[in-house]
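# What follows is a predicted protein model with its sequence.
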Amino acid sequence: MRIRNTKTKLAIILSLIISIGVVSPAYAYAETTSDPGDLSNRVIFLDPGHDEETGNYFEDYSEHVTMLVLAEKIKMRLEGLGATVYLTRDSDKRKPSEVRCAFINKCALEAVKEARSYTIACSACIAEINRLISIMQSVIDDPELGEIYMNSPYDPERTIHRDQARILELEDDKEIRSRFLFISLHSNASIQVGNTSDNGACAFYISTEDKDVRTYYDNVSYSSYSEVSNDFGNIILDHIAGTGLENLGSMADNFFMIREHNIPGVLIENGHHTNPGDRAMLQNDDFLETLADAYADAIAEYFSAIPLPARFFEPVVVAAEEEIQEDDTEAPNAENEHEIKRVFLYIA
Ligand SMILES: [Zn+2]
């Protein structure tokens, strides 16, 4: 039998797919993108650097205090755009870096698990993700366990723990690439004591370009978002430059908070607090408002180029019976052809 109607073909294909249990109708989603500036379903971790014990103090400036004020202003803006925002601390005290990274990994693994439950079911994969989520939860509950799974205290000879490697590997996923972003917020001090002329903002991203990262990652490229993170670093620095802080560029480095998870992201030094000009800006609340605007604009710009997974949009269940009644002579239209391709893409 020759099937001439495109919608009929689609209905038959979809029925076959459903009947062999590969996908259920609820998973045939409309393909669309969110509005520019809409950060719904995006997840952003803001990590205001240091705390009262580990803070950098310079004259009457406290890095941890200013970075928390900045983080809260950014959070408010991002939430206004619909994002889910996590601050890694909301007071003068912070949790150990192992706990903060374990929390990020746990959130990421839960998202990967949810995404995979929408695609081809694999109970072994889900069981493995659950096991790794439990490990991260155990680190959150008992920070000392963090030393087992993460490189802490830092040992340049150490290579990555097998479970941590698996977590970073699982996070190399479209789900994470399209929805998650990490930003650690700092201000810099000149490495030369007494040097007050160094100024400007810079970004750091994780990359196996860095020899120590390469050694730790055991020559495997777990830093799968290096390029994306570098690009985001340049976007945010361009926006920060608009506030008056000099742009010193984005560069690879080996910081714990960008090494022990595999989320696109950067550590930003928001100027040098050892420089009188930069410090005066950072101590001005109006400037921090402007800087927070720059972050919100940069984050919205970054995500505007990245479509969300289709599962976040309204489901469209194809009404097979209704379509079969259609006129056989109807010419295939682009929308129907597109839908057929999309069904196959989804299965693939
Ligand atoms: Zn710092």
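Everything's here; your move.
# Give the full set of residues in contact with whatever residue of the stretch 51-200 of the chain ends up closest to the ion.
Each residue of the stretch 51-200 of the chain has a distance to the ion, by CB to the ion, and the smallest belongs to His186, at 3.4 Å. All C-beta atoms are positioned from the backbone trio N, CA, C, and that covers glycine. Residues near His186 by CB atoms under 8 Å, 6 or more residues apart in numbering: Gly49, His50, Glu63, Met67, Leu267, Ile268, Glu269, Asn270.
# ok, and the closest non-adjacent residue to the first one?
It stands for Gly49. For Gly49, ignoring the flanking residues on the chain, the nearest one in space by CB to CB, 6 or more residues apart in numbering is His186 at 4.0 Å.
# which SSE is the one you found in?
Element membership for His186 (DSSP states H and E) is strand 180-188.
# now do Ala252
Of the helices and strands defined by DSSP H and E, Ala252 is found in strand 247-253.
# could you dump that strand to PDB, C-alpha only?
C-alpha atoms of strand 247-253 as PDB (Å, rounded to 0.1, in the frame of the first residue of the first chain):
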ATOM      1  CA  ASN A 247      39.400  43.800  30.900                       C
ATOM      2  CA  LEU A 248      42.600  41.700  31.500                       C
ATOM      3  CA  GLY A 249      41.200  38.700  29.600                       C
ATOM      4  CA  SER A 250      40.200  35.100  30.200                       C
ATOM      5  CA  MET A 251      42.700  32.300  31.000                       C
ATOM      6  CA  ALA A 252      43.100  28.700  32.000                       C
ATOM      7  CA  ASP A 253      43.900  27.900  35.600                       C
END
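# Check which helices and strands it sits against.
For strand 247-253, the contact count by 3 or more CB pairs under 8 Å, 6 or more residues apart in numbering; DSSP states H and E identifies strand 201-206, helix 226-241 as packing neighbours.
# Now do the last one and strand 201-206, the angle between them.
Compare the direction of helix 226-241 with that of strand 201-206 by axes from the mean of the first three to the mean of the last three CA atoms, to 10 degrees and you get 170 degrees.
# Could you find the closest non-adjacent residue to Asp253?
Of all residues not flanking Asp253 in the chain, Phe204 sits nearest, at 4.1 Å (CB to CB, 6+ apart).
# What of Phe256?
Using CB to CB, 6+ apart, the closest residue to Phe256 is Ser97 (4.9 Å).
# Same list, the contacts of His186, but only the ones touching the ion.
With respect to the ion, and counting by CB under 5 Å from the ion, the subset of those in contact is Gly49.
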